[in-house]
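[1] Output the structure for:
(one chain, ligands or ions: 1)
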Amino acid sequence: MTCSFFPNSAVFVLGAGLIAGCASGPSYITNSADIVKAADWKNTQTVTVKITEHDYTPRNLKLKIGQAYKLEMKNMGDKDHYYTAPDFYKAIATRKAMVNKFAEIKAPYFDAFEILKKSGQIDLYFVPVKAGTYTVYCTIDDHREKGMEGTITVE
Ligand SMILES: [Cu+2]
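    Purely as a prediction, here's the structure:
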């Protein structure tokens, strides 16, 4: 979706409507609770992403629609790093994010996770819903340019 800006006041009303639409962005999965409830969590597939300077291993993920997943984001590096993928997180039914033995976070969707240096870990439990190839990247300094960018393909 392309967002346009209308500087001309003659089209202000039309522009305001479109900008309001843009502000909400691509919508997230609103019936996540039903999808999460119907998924087979006994057959959860674990996917581990190891985060280092300046890479994700593996860099590209392939996930199946309808499968229950636990995505382990493990920072084995000496710096804090992000696993930012706003479009991907809106294409999945989110069950919860977990910081083992410390916290369980429940939200309709996320935009980004920051995993702290020297063995920080966040686990995301979810079910892929919308097919597509989504970009994931680190937003700290020049980490993305240095190689912290990958894809998550849902099919
Ligand atoms: Cu980084």
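[2] contacts and neighbour counts: CA atoms only from here.
    Will do.
[3] got the buried residues for stretch 114-130?
    114-117, 120-130 (16 or more other C-alpha atoms under 10 Å).
[4] Residue 153 - nearest residue in space that isn't next to it in sequence?
    What sits nearest to residue 153 in space, not counting adjacent residues and going by C-alpha to C-alpha, 6 or more residues apart in numbering, is residue 133, at 4.2 Å.
[5] I'd like to know which elements the host helix or strand of that neighbour is packed against.
    Assigned by DSSP states H and E, residue 133 belongs to strand 132-137. Packing partners of strand 132-137 (3 or more C-alpha pairs under 8 Å, 6 or more residues apart in numbering; DSSP states H and E): strand 81-84, helix 86-89, strand 149-154.
[6] Mind doing that once more with 10 Å?
    Applying 3 or more C-alpha pairs under 10 Å, 6 or more residues apart in numbering; DSSP states H and E, one finds that strand 132-137 makes contact with strand 55-57, strand 60-63, strand 81-84, helix 86-89, strand 149-154.
[7] quick one: buried residues of that strand?
    Residues of strand 132-137 classed as buried by neighbour count (16+ other C-alpha under 10 Å): 133, 134, 135, 136, 137.
[8] Out of the residues you listed, which is nearest to the ion?
    residue 137 (8.0 Å; C-alpha to the ion).
[9] How about the contacts made by the closest one?
    Residue 137 sits next to 55-56, 59, 81-86, 112, 143-145, 147-151 when contact means C-alpha atoms under 10 Å, 6 or more residues apart in numbering.
[10] what about the chain, any weak spots by pLDDT?
    Scanning the chain with the threshold set as pLDDT under 70 gives 1-26.
[11] Right, I'll call it a day here.
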